[in-house]
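Q: Okay, predicted coordinates and the sequence, questions at the end:
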Amino acid sequence: MMLVRLPRQLRVQILREAEGAGARECCGLVAGARDGEVFEVAALYPTGNLAAQPDRFDIDPRDHLAAGKAARANGHRLIGCYHSHPYGRPEPSARDLAGAGEENFLWLIAAGGDLAAFVYLCGGFVAVDRLLSLGAD
């Protein structure tokens, strides 16, 4: 059973970023640890979106490098990404699938005030069985 443990304040952060981005997709990287099918989210690293179209995301490579360094400095590693679908649903799109490629990588997708989690496995996305938001608001 795939499980994501996400501190509630980080869930709120993603949803606020999604709302604040308006018609443009917000995006960022997720740091933490993975043990088998359990993902422990420890930190988020918002990134610039270099995509020319508002309904796509392309993480700035400089931000990606900085996030990786910061995660390692804090004893974590990058275990996933997050982004929003301003006019879509909280599920992977065909564009997401075309841009995915890192096996066992967590994808958090915000849309309509909701957040869903998926893992890229064997050329496709698998819905996470449980997304737990832990802690106080």
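A: All right, it came through fine.

Q: can you give me the helices for this structure?
A: Counting by DSSP state H, the chain has helices at residues 8-20, 61-73, 94-99.

Q: ok, and what's touching the first one?
A: Among residues not part of helix 8-20, those counted as contacts by Cβ atoms under 8 Å, 6 or more residues apart in numbering are 26, 28, 41, 43-44, 46, 82, 84, 86, 108, 110-111, 113, 115, 133-137. C-betas here are computed from N, CA, C, even on glycine.

Q: who's in contact with the residue nearest the centre of the chain?
A: Centroid-nearest residue in the chain, with Cα atoms, centre = their mean: residue 82, separated by 2.0 Å. With contacts defined as Cβ under 8 Å, 6+ apart, residue 82 is in contact with 14, 26-30, 44, 107-110.

Q: Which of these fall in strands?
A: Those of the contacts of residue 82 mapping onto strands are 27-30, 44, 107-110, per DSSP state E.
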